[in-house]
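**Q** Kindly return the folded structure for what I paste below:
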Amino acid sequence: MINDHWSCIVDPWSLVCDVEDKMNYKDKWVLITGASSGMGSDYAELFASQDANIILTARRESNLVELKNKIATKYPNSKVVIVSSDLSNEEGCQNLIREINKQDIQVHTLINNAGYGIYGEFTEMNWSEVKNMLDLDIISLTYLTHHYVKEMKARNEGQILLVASIGAYQPCPLYASYGAAKAYVLNFGEALNVELAGTNVKISVLSPGVTETEFFERSGQKQSLYQKIVMMKSMPVAKVGIRSMEKGALSVIPGFMNNLIIFLNRFSPRKVTAILAHQLMK
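**A** The predicted structure is shown next:
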């Protein structure tokens with residue numbers, strides 16, 4: 001099982017020490033989007049290890065069932081509800097909310113993790129695929145945040161984590177629309193964090209770098225040497241996101257190398273940054 005205290009992680013790229021003071025998730029419900037793989041399943045295990053009740057949602061129901069069974073075996077104190085839904089359209093978001101309401105569940109924590117990127121020259125992309133990506137990465141994220149943050153504010157309790165990317169901090173040739181979408185997520189989440197100051201509702205943004213998930217399989221990119229070198233495991237990244245959300249941090253970039261890259265970008269002309277990013281993505 002995952003250590004109850006999420007003990008110190010030491011890895012050359014992250015150098016992260018996790019929270020010592022645990023939030024009490026007993027009888028609280030956590031909604032995790034994009035829960036069928038990668039960090040989504042990591043979030044589920046982390047919250048289940050803290051006795052939270054979990055709502056898992058994604059398109060692939062078989063993956064959700066497998067994860068539910070795994071959690072039931074390892075963390076019997078955690079209740080798990082699965083809702084198979086395509087969140088890339090408003091109907092899917094409404095279906096998710098409707099199913100949660102049917103079970104009279106009050107969402108305490110929302111992990112807006114669902115999203116993907118498409119790799120390649122923008123002019124060569126199929127528009128319907130680009131639109132589907134933007135609908136999931138921007139519209140559904142905003143829709144679910146809008147719905148649940150109002151409920152949280154009304155009862156003055158709750159927390160939301162929005163998953164962006166270090167691509168939000170710079171132009172991303174070959175991931176042009178994906179990087180732009182994540183820039184929206186970053187600015188949206190940081191703005192809401194300030195709007196909600198003075199309440200007991202917390203919103204934070206997690207901006208991972210290259211992470212070991214299904215991202216590259218979905219995007220269609222063969223990993224570059226640079227990406228293989230800086231890649232982080234998904235579990236430490238998920239832990240950083242949860243810790244930051246619980247503390248009410250504005251936003252966080254996990255990993256020493258990712259932080260260094262974004263810091264150095266501040267001193268580079270944007271065109272140079274874009275050209276360098278282009279070369280690293282090839």
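
**Q** Just the local confidence number for I9, please.
**A** At I9, the model reports a pLDDT of 35.

**Q** Secondary structure element for K271, which one?
**A** Using DSSP states H and E, K271 sits in helix 270-281.

**Q** Give me the buried positions along that helix.
**A** By neighbour count on 16 or more other CB atoms under 10 Å, the buried set for helix 270-281 is T273, A274, L276, A277, M281. Yep, even glycine has a C-beta here, placed from its N, CA and C like the rest.

**Q** How about the second one: what's its closest non-neighbour residue?
**A** Okay, so that is A274. P171 (3.9 Å; CB to CB, 6 or more residues apart in numbering).

**Q** Give me the distance between the helix holding K271 and the centre of its chain.
**A** 25 Å (CA atoms, centre = their mean, to the nearest Å).

**Q** For it, which helices and strands make contact with it?
**A** Helix 270-281 is packed against no helix or strand, with contacts defined by 3 or more CB pairs under 8 Å, 6 or more residues apart in numbering; DSSP states H and E.

**Q** C-alpha coordinates for that helix, CSV please?
**A** C-alpha atoms of helix 270-281 as CSV (Å, rounded to 0.1, in the frame of the first residue of the first chain):
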residue,chain,number,x,y,z
ARG,A,270,10.1,34.4,-27.0
LYS,A,271,11.1,33.6,-30.6
VAL,A,272,14.2,31.9,-29.4
THR,A,273,12.2,29.9,-26.9
ALA,A,274,9.8,28.8,-29.6
ILE,A,275,12.6,27.8,-32.0
LEU,A,276,14.3,25.8,-29.2
ALA,A,277,11.0,24.1,-28.3
HIS,A,278,10.5,23.2,-31.9
GLN,A,279,13.9,21.5,-32.1
LEU,A,280,13.3,19.6,-28.8
MET,A,281,10.0,18.3,-30.0
